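Enquirer: Attaching a predicted model along with its sequence, questions to come.
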Number of protein chains: 2
Amino acid sequence: MKASLDPYFDAFLDPDALAIRYAELAPSLHRTPVLRSASLDAWAGAALHLKCENFQRSGAFKMRGVSNALRELASHGLPAGGVCTHSSGNHGQALAWASGGLGIPCTVVMPSNAPQFKKDAVRAAGGRIVECRPTLAARIEAVAEVVRATGAVEIHPSNQAPVILGQGSAAWELLEDCAARGIALDWVGVPVGGGGLLAGTGFAVARWNQRHGTRVRVFAGEPSGADDAARSLASGQIEHNDNPQTVCDGMRTELGDVNFPVIRETVTAIYPVDDSEILVAQRLIADRVKIIVETNCAPPVAAVAKHLSVFSGQQVGVVLSGGNLDLSAHAWGPAN
Amino acid sequence: MKASLDPYFDAFLDPDALAIRYAELAPSLHRTPVLRSASLDAWAGAALHLKCENFQRSGAFKMRGVSNALRELASHGLPAGGVCTHSSGNHGQALAWASGGLGIPCTVVMPSNAPQFKKDAVRAAGGRIVECRPTLAARIEAVAEVVRATGAVEIHPSNQAPVILGQGSAAWELLEDCAARGIALDWVGVPVGGGGLLAGTGFAVARWNQRHGTRVRVFAGEPSGADDAARSLASGQIEHNDNPQTVCDGMRTELGDVNFPVIRETVTAIYPVDDSEILVAQRLIADRVKIIVETNCAPPVAAVAKHLSVFSGQQVGVVLSGGNLDLSAHAWGPAN
């Protein structure tokens, strides 16, 4: 790893140190199962091993990064002012759940137009909501105000090193569980939005390869209507989304300066996929695997089916990122 | 066990013999995970351990009974005429999948008004469909005709001893996996329609208790609009449904003379639950556990929440029977 990475990562460049940290986080997390489906494999043309983070506490992998970030905070004494964030989605829910468990307050800044079911979920988890205008600038200002007023510590959803490191534990468990079944994965795939899961996965898989002498590669699927990560990997610098358009509500964000250097160093490919392909994959996962996954989960699965020349016949692990779907409002995509 | 049971069961009254048989079936089956949800537990007032047979091959526990029945057939030489059945639902799909894997033909008699997606599923599994008028008499006659014409062997969905015994393997695995996590279940619950799963579960749990010196009890949830099993258990003889009305399409059937004696001897209670309660439970399982379950799965979960005086604070295993839902047509029940 290069010196440009956040120095936090230095303590975990030794794979054993990372394994120990992930074991320490385990009591805060569900060990989510890895599911298989013969008919999904037949459709995709590859052997898919689905790490079901939709079953994770709070309904998404976000609990992993939050757990590690709170662990780091706790090692310096938990802040009486608690924690705050401006993610309105799964990260906000996870932070509210986890901080409630530690007995510290959690404030989630949410845009006034956030869906009611997301507000309900944050409140059900014990979070306090501060509403703001639906712009990024308003969100950032609102978080700064919460920090000033309460002394809360901000936990960013995707661009803080402890959060990134925690997210990688899903891929680590996936690799462990596949190895226990005698399966050597060729690839691990994840969706990419803000980049925390992708960077954490890249970091973890690199450590796994180092430890086991393997050459597992990492890829991401990304909505083509918000393809900043694919363009960033190609250009070598952080690119932006002018007007992101995609059914993946969690993926209209951009990479950050902490996660991008890790992604650049550890990720083999980022594949853009169209919304229509994403919806077909989401519906197929529901139909064949019988699980409820968010639209955000589907890009890496869609990417596998789209790029047979890369993935055909390969052993492909995929982290299904979350399952927080508003069932009252959801219409399943087309059957395939 | 009393002498009135089918003599097939005699070979498995020794728990070790049953454990060996279940281990023999394992390669034909998925070892489905046992999932937990803190928020579902909070709603139900009990600790629920959900055995996800919706992830089973062919999408339902039916693959278990079919696998054991085909194993028995194979021990006498597989019939060249293959197998047949008149279940239009999950049993038909499972039989088509499993017999296809063995290279023998499978004929499924389906009423002409069966939903298209069920016909598609049987055909996708390699089954041949024979349509008949939508009456029980017409189904029975059509199966008899297939047997005469082809020499196929009928595999009944719920009233043949090898089918019943196979279904019990889900509860056995559930007990094993809970024990491995240090959890001693108080109850195992299943839905009851034709009675195969309930009798198999009762038989298996009785063997488990015998082997481990435990006192795990078995219960069922049943739609109150088709409550023949609850009435049968109360009266001590097989009762009938005059005009079954329930959203549970797989539970409009009745108990049989092979499974009822086992149920009478091994089952503690059968709880009727209303369709409205069933729909709330189905929706909650989807919302909180993030899995797709058929309506047929929900009665035992609804029964736990309904009978706090029985289940409050107990460790309750539930076999979620299947996940073959037509997503194009499904509207989720009310949120809770």
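Expert: Good, I have the coordinates.

Enquirer: Wait, A:V258 touches A:I164, no?
Expert: Yes: A:V258 lies in contact with A:I164 (CB atoms under 8 Å); the separation is 6.7 Å. (Each C-beta comes from the backbone N, C-alpha and C, glycine too.)

Enquirer: Spell out which residues are contacts of both of those two.
Expert: Common contacts of A:V258 and A:I164 (CB atoms under 8 Å, 6 or more residues apart in numbering or on different chains): A:A199.

Enquirer: Point out the residues in chain A that sit beside chain B.
Expert: For chain A, the residues in contact with chain B (CB under 8 Å from any CB of the partner chain) are A:30, A:33, A:35-36, A:38-39, A:52, A:54-55, A:57, A:59, A:124, A:283, A:286-287, A:289-293, A:323, A:327-328, A:332, A:335.

Enquirer: same thing but 7 Å
Expert: For chain A, the residues in contact with chain B (CB under 7 Å from any CB of the partner chain) are A:33, A:35, A:54-55, A:59, A:283, A:286-287, A:290-292, A:323, A:327-328, A:332, A:335.

Enquirer: Generate a PyMOL selection restricted to the buried entries among these.
Expert: The buried subset of those, as determined by 16 or more other CB atoms under 10 Å in any protein chain shown, is captured in PyMOL by this line:
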select buried, chain A and resi 33+35+54+55+59+283+286+287+290+291+292+323
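
Enquirer: Pick out the most distant pair among the residues of chain A next to chain B.
Expert: A:P33 and A:S328 (26.8 Å; CB to CB).

Enquirer: so where is chain A shaky, pLDDT-wise?
Expert: Within chain A, the segments meeting pLDDT under 70 span A:1-3, A:88, A:332-336.

Enquirer: Nearest residue to the middle of it?
Expert: The residue lying closest to the centre of chain A (CA atoms, centre = their mean) is A:L197, at 3.7 Å.

Enquirer: Give me the neighbour count for the closest residue to A:D177 other than its chain neighbours.
Expert: Excluding the flanking residues, the one nearest A:D177 by CB to CB, 6 or more residues apart in numbering or on different chains is A:V34, at 4.8 Å. Each residue near A:V34 was counted by other CB atoms under 10 Å in any protein chain shown, and the total is 23.

Enquirer: what do you get for A:A19?
Expert: The tally of other residues near A:A19 (other CB under 10 Å) stands at 18.

Enquirer: ok, the residue nearest to A:D177 - contacts?
Expert: Neighbouring residues of A:V34 by CB atoms under 7 Å, 6 or more residues apart in numbering or on different chains: A:49-51, A:174, A:177-178.

Enquirer: Try it again at 6 Å.
Expert: For A:V34, the contact set (CB atoms under 6 Å, 6 or more residues apart in numbering or on different chains) comprises A:49, A:51, A:177.

Enquirer: was I right about the second one contacting A:V319?
Expert: Yes: counting by CB atoms under 6 Å, a contact exists between A:K51 and A:V319, whose distance comes to 4.8 Å.

Enquirer: Find the residues that touch each one of those two.
Expert: Joint contacts of A:K51 and A:V319 (CB under 6 Å, 6+ apart) are A:A170.

Enquirer: Could you chop chain A up by domain?
Expert: When chain A is parsed with automatic domain parsing, its domains come out as A:7-59+A:162-320, A:80-151.

Enquirer: Output the ones you listed in a markdown table; the columns should cover distance to B:A298.
Expert: Output for the domains of chain A, formatted as a markdown table (distance: least, CB to CB, whole Å):
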| stretch | distance to B:A298 |
| --- | --- |
| domain A:7-59+A:162-320 | 14 |
| domain A:80-151 | 21 |
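
Enquirer: Compare A:V258 and A:I164 (neighbour count), which wins?
Expert: Between A:V258 and A:I164, A:I164 has the larger neighbour count (other CB under 10 Å), namely 33 against 21.

Enquirer: Let me know the distance separating that one from chain B.
Expert: Using CB to the nearest CB, to the nearest Å, A:I164 is found at 24 Å from chain B.

Enquirer: Quick check: phi and psi at that residue.
Expert: Main-chain dihedrals, A:I164, degrees, to the nearest 10: phi -60, psi -50.

Enquirer: Wait, it touches A:G196, no?
Expert: Yes: counting by CB under 6 Å, A:G196 is a contact partner of A:I164 at 5.1 Å.

Enquirer: quick one: the nearest residue to A:K51 once chain neighbours are set aside from A:V318, how far?
Expert: The shortest distance from A:K51 to any non-neighbouring residue, by CB to CB, 6+ apart, is to A:L174 (4.2 Å). Distance from A:L174 to A:V318, counting by CB to CB, to the nearest Å: 8 Å.

Enquirer: Also A:R36?
Expert: 11 Å.

Enquirer: neighbour-wise, which of those two wins?
Expert: It is A:V318, of A:R36 and A:V318, that has more neighbours when counted by other CB under 10 Å, with 29 against 16.

Enquirer: What residue in the stretch 101-250 of chain A comes nearest to chain B?
Expert: Nearest residue of the stretch 101-250 of chain A to chain B, counting by CB to the nearest CB: A:A124, 8.0 Å away.
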